[in-house]
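Visitor: Please work out how this folds:
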Amino acid sequence: MPATSKNATCTSNGSHLPIISEGSLSPFMLIKWKMYCYAFFIAKHVAEEEQAARILICFEDPQIIV
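Guide: Okay, here's the model as predicted:
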């Protein structure tokens, strides 16, 4: 997807949490990201109480992280 796209993208490689790029979020994109997160947490045995803190690094859009 071109860097000038206004839609966010979700990338996952399995060894790190999925990353959502800057751009407009669609319901489909958020569902896809949620599924990638669940798969990562299961594979890496991340405790449920630690999961919320870990996902904050997944977003590249400054409007979401602030």
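Visitor: what about the longest helix in this structure?
Guide: Longest helix of the chain, by residue count under DSSP state H: helix 27-44.
Visitor: what is the mean pLDDT for the regular element (helix or strand) spanning residue 64?
Guide: Take DSSP states H and E as the rule and residue 64 turns out to sit in helix 62-65. Averaging pLDDT along helix 62-65 gives 70.
Visitor: do the same with stretch 37-46
Guide: Per-region confidence: stretch 37-46 scores 95 on mean pLDDT.
Visitor: hang on, the earlier thing: tell me which residues of the longest helix of the chain come out buried.
Guide: By 16 or more other CB atoms under 10 Å, the buried positions in helix 27-44 come out as 29, 32-33, 36-37, 40-41. Any C-beta I mention is one placed from the backbone N, CA and C, and that applies to glycine too.
Visitor: Going by distance to residue 7, which of those residues wins?
Guide: residue 29 (7.6 Å; CB to CB).
Visitor: ok, that closest one - contacts?
Guide: 7-10, 20 (CB atoms under 8 Å, 6 or more residues apart in numbering).
Visitor: hmm, try it at 6 Å
Guide: 8, 10 (CB atoms under 6 Å, 6 or more residues apart in numbering).
Visitor: Kindly provide the distance from it to residue 36.
Guide: Using CB to CB, to the nearest Å, residue 29 is found at 11 Å from residue 36.
Visitor: Find residues that contact each of those two.
Guide: With CB under 6 Å, 6+ apart, residue 29 and residue 36 have no common neighbours.
Visitor: And stretch 6-13, what's buried?
Guide: For stretch 6-13, by 16+ other CB under 10 Å, it's 8, 10, 12.
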